[in-house]
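Colleague: could you work out the structure for the sequence below:
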Amino acid sequence: MERRGSRHIEIRMSQSPPSLNRRKFLQATIVSSTVLGTTSTATASQSHGSSHYTLEQDGKCIPIEPLSKGLPVKKFYDFRTPFTHPSSFRYASFGTTNLQQKNTSILFLYEGPKGLSLVVVHDKKGVGSGGAVTFRITNLPADGDIAVKDDKYPLQTNYDQWNLSKYRNSDGKKVATLEASWAHGKKRTDGMAYRGLGDDFEFTINPEFNQKAILSNDTHGEIKRWEVLSGDINNPTRTKLNMNKPVTILSGSCQPKTTTQQTTKTTQTTQTKTSSNQATTTEKQATKSTNNNQSVFGQLWNDVSSAFHSIESFFTSLF
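Modeller: A predicted model of the protein is given here:
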C-alpha cells in the first residue's frame, strides 16, 4: 500500500495592515485544517480497508472475500449429532444450511471474532445423496487447529479419518499438513473448519472426490460439483472449481502477469524501427554529402569555363 506523504502548508506574514494579516491568517488556517482533515480521513480509510485473499487453480486467479456473521466459527458451523446440544440425528451442519448445495462441496474463508478460518461443507442437509471426499491440505499455518470436525461422534459408524501433523519445512518455517477423509450418507453433511490462518498464509488443497477418495467404499452417494464462496454470507458469489485439480488459497491480491513473448516482440520491433531510422538517416546524409560535392565541383567548373571564355575573347580581339 502506498503511503501518502505529509502535506506542509507554509503561512507567510506580509507587512500589510493588521486587519488584512488577521484575515489572511484565518483563511490559511481554515484551508490548512480542511486539507489535514481530508488527509487524515483518507489515511484512516486506507488503514482500515478490507483484506484481500485469492484462490488459484490451473493458472486462474480468483479474488475471494471472507464470509462473516459475527459468531465464532464453531458456533457458526453448528454441527449437531445425538451427542451435542442442541442435538439431532442428522449428523450435519445446521449453521451453514443456507450456503449448502445438493451433491456439492463448498469451501470459503470465514472471519470470526477468534480469527480467520477455512470452512468446508460437503452436500446439503436433508436432500443430498451422500458422498466420499479426501482433502490433503499442505502448508497450513501451524498456529491454527481444527475447530470443527464433521463428523466427530463416538460410534463405530463414524468412518471419517483425521491426520494433522506439524513440522518445520525446508525454510525453517513451522507449518501443518492436514489429511481428512469423509464418507457420509444421504441427507447428511460432512466438513470441517480450520481456525487460525492469520494474516500471511499460502496453503494448497489436493482434492479427491467419489471413487478417488479413500473412503469411497463406505458410501453410495456422489459429489458432482465443487465451489468456492465469497462475499455476502446471505447471498455469496459462487465460483465453480475443477474437481480434479488442486487449489491454492493465499493472502494477497491477484497479480498481473507479464508476457515475455509480447515484451520481446515489442523490443524487437522497436530495435528494427530504430535500425531502419538510422539507416534512412545515414542514407540521407550520404545523399546530401554527394549533392554538396557535386554542387562544389559544378561551381568550380563554371568558374573555369567562364575564365577560359574571357581569355579566348581577349586574344580574339587582338588579332
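
Colleague: can you pull the contacts of the closest residue to N158 other than its chain neighbours?
Modeller: Spatial nearest neighbour of N158, chain neighbours left out: D151 (5.2 Å); criterion: Cβ to Cβ, 6 or more residues apart in numbering. Quick note: C-beta positions are derived from backbone N, CA and C, even for glycine. In this structure, D151 makes contact with 81, 91, 158, 160, 182, 184, 190, judged by Cβ atoms under 8 Å, 6 or more residues apart in numbering.

Colleague: and for the first one, the neighbour number?
Modeller: Taking other Cβ atoms under 10 Å as the neighbour definition, T81 ends up with a count of 18.

Colleague: which residue, other than its chain neighbours, is closest to it?
Modeller: Y153 (4.5 Å).

Colleague: could the contacts of D151 go into JSON lines alongside secondary structure, pLDDT and distance to G172?
Modeller: Formatted as JSON lines, these follow (DSSP: H, G, I helix; E, B strand; the rest coil; pLDDT from 0 to 100; distance: Cβ to Cβ, whole Å):
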{"residue": "T81", "secondary structure": "coil", "pLDDT": "96", "distance to G172": "41"}
{"residue": "Y91", "secondary structure": "coil", "pLDDT": "95", "distance to G172": "41"}
{"residue": "N158", "secondary structure": "coil", "pLDDT": "92", "distance to G172": "37"}
{"residue": "D160", "secondary structure": "coil", "pLDDT": "96", "distance to G172": "33"}
{"residue": "W182", "secondary structure": "strand", "pLDDT": "98", "distance to G172": "33"}
{"residue": "H184", "secondary structure": "strand", "pLDDT": "95", "distance to G172": "39"}
{"residue": "D190", "secondary structure": "strand", "pLDDT": "97", "distance to G172": "35"}
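
Colleague: among these, which pair sits farthest apart?
Modeller: Spanning the widest gap among those are T81 and W182, at 14.5 Å by Cβ to Cβ.

Colleague: separation between the residue nearest to N158 and Q211?
Modeller: Look at D151 and Q211: by Cβ to Cβ, to the nearest Å, they are 21 Å apart.

Colleague: quick one: low-confidence parts of the stretch 51-200 of the chain?
Modeller: By pLDDT under 70, the low-scoring segments of the stretch 51-200 of the chain are 51.

Colleague: would you map the helices across it?
Modeller: Here the stretch 51-200 of the chain has its helices, by DSSP state H, counting those that start in this stretch, at 73-77.

Colleague: where along it do the strands fall?
Modeller: 53-57, 60-64, 79-80, 92-93, 104-112, 115-122, 131-141, 145-150, 161-168, 174-184, 190-195 (DSSP state E, counting those that start in this stretch).

Colleague: the last one pairs with which strands, and in what direction?
Modeller: Strands adjacent to strand 190-195 in the sheet, as given by DSSP bridges, are strand 115-122 (antiparallel), strand 145-150 (antiparallel).

Colleague: and the ones you listed, which is most packed in?
Modeller: Among these, ranked by average contacts under mean count of other Cβ atoms under 10 Å, first place goes to strand 115-122 (a mean of 25).

Colleague: got the CA positions of that one in CSV?
Modeller: Provided in CSV are the C-alpha atoms of strand 115-122 (Å, rounded to 0.1, in the frame of the first residue of the first chain):
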residue,chain,number,x,y,z
GLY,A,115,-9.7,-15.1,13.7
LEU,A,116,-9.9,-16.3,10.1
SER,A,117,-10.9,-19.9,9.3
LEU,A,118,-11.1,-22.2,6.3
VAL,A,119,-14.5,-23.8,6.2
VAL,A,120,-15.5,-26.9,4.1
VAL,A,121,-19.0,-28.4,3.8
HIS,A,122,-19.9,-31.4,1.6
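
Colleague: relative to strand 174-184, how tilted is that strand?
Modeller: Strand 115-122 and strand 174-184 are oriented at 30 degrees to each other (axes from the mean of the first three to the mean of the last three Cα atoms, to 10 degrees).

Colleague: name the residues that touch strand 115-122?
Modeller: Under Cβ under 8 Å, 6+ apart, the answer for strand 115-122 is 66-67, 73, 77, 93, 96, 99-100, 105-111, 131, 133, 135, 137, 147-148, 150, 182, 184, 189-198, 203, 223, 249.

Colleague: name only those of the residues you listed that count as buried.
Modeller: Listed as buried from the contacts of strand 115-122 are 66-67, 73, 77, 93, 96, 99-100, 105-111, 131, 133, 135, 137, 147-148, 150, 182, 184, 189-197, 203, 223, 249; burial here means 16 or more other Cβ atoms under 10 Å.
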